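Q: Requesting a structural model of the entry that follows:
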Amino acid sequence: AGEGSQPFVLSATLQGHQADVRTICEVNESTIATGSLDQLAKLWTSVPGDTPEYACTQTYQGHNRYIYSIAFIPPTAEFTDGLIATGSVDTNVHLYLPEVGDGPVRQLIGHSMAVCCVRAGPNETVLSASWDGTAKVWGLDGTCQLTLEGHQKSVLSIIAHPTPGKYITCSADRTIRIWNRDACMGAMTGHTDVPRDLAILPNGNLASCANDGTVKLWNLDSAGMCLQTLPAHSGSYIYSIAAFPSGANADFATSGEDGTVTVWKDGAIAQSIELPCNSVWRVTTRSNGDLLVACDDGCARVFSADQGRYASDDAIATFTEHVSQIALAKAGEADGKIGDLDTSNLVGPERLTTPGDSDGQIIMVKDGAKVMAHAWSAAENSWNCIGEVENAKETKPAGAPPGWQHFDVELDNRKMICRHKMGDNPFLTAQRFLDENELDQGLLDQVVDFVEKNATAPTLEFSQAPTAPVVPGAYVPGRGGGGQSAKPVSDHFPVQDFIMMASVKLEGLAKTLEGLNASASPETQLDAEALDKLKAGLTVVSNNPTAPFPNDMYFGVAPACAKLLAWPVGDSRVPGMDAVRVLLSNNAFRSAAFKEVGTPLSLPELKTFMLETAGLLEGPGNAGSVPCQMLAFRALANAFGGDKGLQDHVAEFLPLLERFDASKLSKHSQIALSTFILNCAVAVVRKGDAAVAELGGELLRVIGHRLDLQLQAAAPDGEATYRMLVALGTLIGSSEIMVAVAMSLPEVASVVTVSAGSTNVKVKLVATDVRKIMS
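A: From the prediction side, this is the model:
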């Protein structure tokens with residue numbers, strides 16, 4: 001916040017929507033309205049108590065597509081409590097009585113495409129902007145008073161000009177236009193990408209935000225002269241902008257794709273608020289100066305700079321912990337994700353206003369942090385969403401596994417690649433598509449038709465796993481005696497190489513280390529030289545995990561790591577744990593460390609420390625920190641391989657894993673644990689028949705138990721389940737004996753059967769391959 005003012009702190013969290021909260025507004029001093037991709041709007045009323053809390057008191061129905069915008073219309077003689085206006089992808093604007101739930105009292109029908117912005121206009125009017133390239137001014141009786149036509153593409157926002165009778169709009173054609181009633185008076189240009197939102201500041205200037213990652217301030221009295229350009233949100237899309245009321249300690253706030261809200265004062269950033277989500281769709285301000293925020297994690301939140309309206313200490317602590325977990329994931333810890341699709345060049349939802357070139361054409365559209373696939377239907381003359389693209393991977397036909405065809409997908413004048421397995425029945429491919437994206441079965445024929453029409457041309461990959469290398473000398477399903485091939489070889493297993501969880505954004509890690517080091521106790525604080533040596537070592541590993549790690553560099557880095565692991569138990573230990581995790585992924589560093597004796601990085605000491613931090617052992621290493629626990633599992637996974645890695649200690653881990661209660665692990669910890677167990681399976685198979693015979697049965701029981709727990713969860717994580725199934729396939733793919741043992745364990749057969757019916761396509765495919773081997 002501004003100088004001399006308090007910072008904005010969480011005041012309340014509003015939970016109740018089943019999908020992204022896309023929009024939010026104040027109704028009065030005690031009530032808030034929200035709109036969501038779950039097609040519902042809700043009214044939230046403050047509940048008396050020591051700290052701010054809100055309860056959902058009304059739910060408004062009637063839209064049959066996403067709600068993109070919401071606004072409160074002030075009271076009139078007819079509507080003494082005012083109205084709540086909503087704009088939806090179903091092309092309509094609905095008006096609701098605040099204290100009456102269910103359907104609308106009025107519908108404003110006239111747009112031909114999604115309504116992405118609604119606002120209260122002057123003189124008892126409603127303003128709307130639409131993907132159909134127009135903005136409209138409506139009377140509360142439902143009549144359209146004005147249609148503003150002239151933009152070449154979608155209109156994304158409209159506000160009233162300070163001068164009565166004038167309006168301001170911004171569009172995907174990258175212009176901002178000023179209108180005198182329905183006549184365009186001029187266009188302002190300057191943004192290098194689509195402007196998304198507009199606000200009039202208390203001083204009368206106009207502020208705009210855009211996909212180019214900037215805010216621009218304009219003087220409306222000087223023919224729209226740009227006064228200042230403010231880079232913001234690390235260059236990410238900026239989705240919304242809102243002015244503070246006159247007299248506040250800040251000028252305006254913005255929200256963006258980077259998951260933050262930024263508060264601005266005198267042309268500078270006064271505060272950046274991180275949220276536990278990927279995208280903050282909208283920020284707006286209240287009459288008391290508080291901030292209202294709509295997030296893609298299904299929550300709306302209130303922030304206040306008034307200490308009397310702060311949330312409870314427990315609520316703030318929980319919020320801070322969630323932010324910390326999300327920040328770790330954003331810092332490059334994508335849990336070894338397979339995808340490498342560059343989404344920076346993808347088109348936004350405005351692309352859906354342009355008709356397709358041919359029936360069945362597929363495009364990918366960036367919608368916040370998500371990428372959605374849409375297919376053109378010539379019969380319906382519209383784009384139909386056919387699913388979310390997860391872990392999309394940019395590939396080349398020459399590098400694809402044999403037996404796959406490729407189909408062209410248009411991506412903003414680029415061609416991306418998607419695979420279709422040759423010989424598969426088109427209905428099988430289509431059903432996988434529907435299952436993965438939880439789509440309505442009514443779309444089956446349409447997807448089948450697309451596959452049949454394009455089956456001979458190249459195509460977008462939906463998170464398909466790469467072909468796994470085969471373990472030399474191992475039993476491979478389908479390669480039985482006499483050269484027979486009765487069973488298929490899976491594309492998912494066996495896995496030969498240990499899986500490393502090594503990705504890192506070095507700049508962010510270095511800054512965090514520097515900040516926490518400055519406040520560390522003298523005995524654990526790193527001096528400037530030690531910190532520089534540590535950063536140099538991390539740079540070597542992050543640039544090339546297989547790079548040599550010279551002895552002199554190791555002996556410069558090791559003492560620094562020892563101090564980091566002695567930092568206080570809790571989240572302050574996270575950056576040190578993260579640094580050690582990254583370093584352990586380097587074979588040369590790992591070998592040098594594990595050859596040492598009696599140091600914090602030598603194998604017995606570090607192994608015990610990581611097992612305690614992960615919660616597998618009781619002891620002083622228990623950090624009581626969710627991020628530390630996750631990083632411990634990742635470090636354990638990275639410690640396999642080399643001369644003295646953890647591959648020799650699997651027998652020690654199995655009883656710990658059997659007793660371990662993983663039911664309360666975070667999503668990222670679940671994935672890290674599954675990777676650790678997968679590496680245990682790889683280690684056993686690599687050691688040969690004797691190790692498989694000795695340890696295989698116990699490891700199968702661990703895998704079966706873990707899969708059973710994951711599948712019983714309310715929302716099982718697909719990636720964690722997938723990696724456990726790959727571990728199972730790798731183990732039973734090592735010998736006929738392991739197949740027999742797996743078939744004799746009821747829990748293993750049960751979880752494989754359940755997984756084969758999963759709606760997650762990766763889980764379903766690998767489970768189906770395991771079933772074939774066990775049949």
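Q: In terms of pLDDT, where does L564 sit?
A: Note for L564: predicted pLDDT of 89.
Q: Which residues are in contact with N205?
A: Counting by C-beta atoms under 8 Å, 6 or more residues apart in numbering, N205 touches 217-220, 227. For the C-beta atoms, the positions are set from N, CA and C on the backbone; glycine is no exception.
Q: Just the buried residues out of those, in PyMOL syntax.
A: In PyMOL, a selection of the buried entries from the contacts of N205 looks like this (16 or more other C-beta atoms under 10 Å):
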select buried, resi 217+218+220
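Q: Any chance of a markdown table for the contacts of N205, columns secondary structure?
A: Below are the contacts of N205 laid out as a markdown table (DSSP: H, G, I helix; E, B strand; the rest coil):
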| residue | secondary structure |
| --- | --- |
| L217 | strand |
| W218 | strand |
| N219 | strand |
| L220 | helix |
| L227 | strand |
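Q: Closest to L695 out of the contacts of N205?
A: Minimum distance to L695 across the contacts of N205 is 66.3 Å, recorded for L217 (C-beta to C-beta).
Q: distance of the closest one from E736?
A: For L217, the distance to E736 (C-beta to C-beta, to the nearest Å) stands at 73 Å.
Q: before we move on, what about A187?
A: Distance from A187 to E736, by C-beta to C-beta: 74 Å.
Q: More neighbours: these two, which one.
A: A187 (16 against 12; other C-beta atoms under 10 Å).
Q: Let me know the secondary structure of the more buried one.
A: Following three-state DSSP, we place A187 in the strand state.
Q: Could you check how far it is from H492?
A: Distance, A187 to H492, using C-beta to C-beta: 54 Å.
Q: Any idea which residue is closest to the centre of the protein?
A: What sits nearest the mean C-alpha location of the chain, by C-alpha atoms, centre = their mean, is N278, with 5.0 Å.
Q: That one is in contact with S255, isn't it?
A: No: with contact defined as C-beta atoms under 8 Å, N278 does not count as touching S255 (12.0 Å).
Q: Identify the contacts common to those two.
A: Contacts common to N278 and S255, judged by C-beta under 8 Å, 6+ apart, are absent.
Q: And the helices in the stretch 501-650 of the chain, which stretches?
A: For the stretch 501-650 of the chain, helices defined by DSSP state H, counting those that start in this stretch occupy the ranges 506-518, 528-543, 551-564, 574-584, 587-595, 603-614, 626-638, 650-659.
Q: Kindly reformat these as TSV containing mean neighbour count and distance to W179.
A: As requested, the helices of the stretch 501-650 of the chain are exported to TSV (neighbours: other C-beta atoms under 10 Å; distance: least, C-beta to C-beta, whole Å):
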stretch	mean neighbour count	distance to W179
helix 506-518	16	44
helix 528-543	17	52
helix 551-564	18	59
helix 574-584	27	52
helix 587-595	21	64
helix 603-614	21	61
helix 626-638	27	51
helix 650-659	16	66
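Q: Switch these over to TSV; also include distance to P202.
A: Output for those, formatted as TSV (distance: least, C-beta to C-beta, whole Å):
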stretch	distance to P202
helix 506-518	35
helix 528-543	45
helix 551-564	48
helix 574-584	41
helix 587-595	56
helix 603-614	51
helix 626-638	41
helix 650-659	60
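Q: how about the ones you listed, which one is nearest P122?
A: It is, among these and with distance given as C-beta to C-beta, helix 506-518, at 46.2 Å.
Q: Tell me which other helices or strands that closest one touches.
A: Helix 506-518 makes packing contacts with helix 528-543, helix 574-584 when contacts are defined by 3 or more C-beta pairs under 8 Å, 6 or more residues apart in numbering; DSSP states H and E.
Q: of all these, which lies closest to G150?
A: helix 528-543 (50.4 Å).
Q: May I have the secondary structure class of N288?
A: N288 falls in the coil class when you classify it by three-state DSSP.
Q: Chain neighbours aside, what residue packs nearest to it?
A: Using C-beta to C-beta, 6 or more residues apart in numbering and skipping residues adjacent in sequence, the residue nearest N288 is E29, 6.8 Å away.
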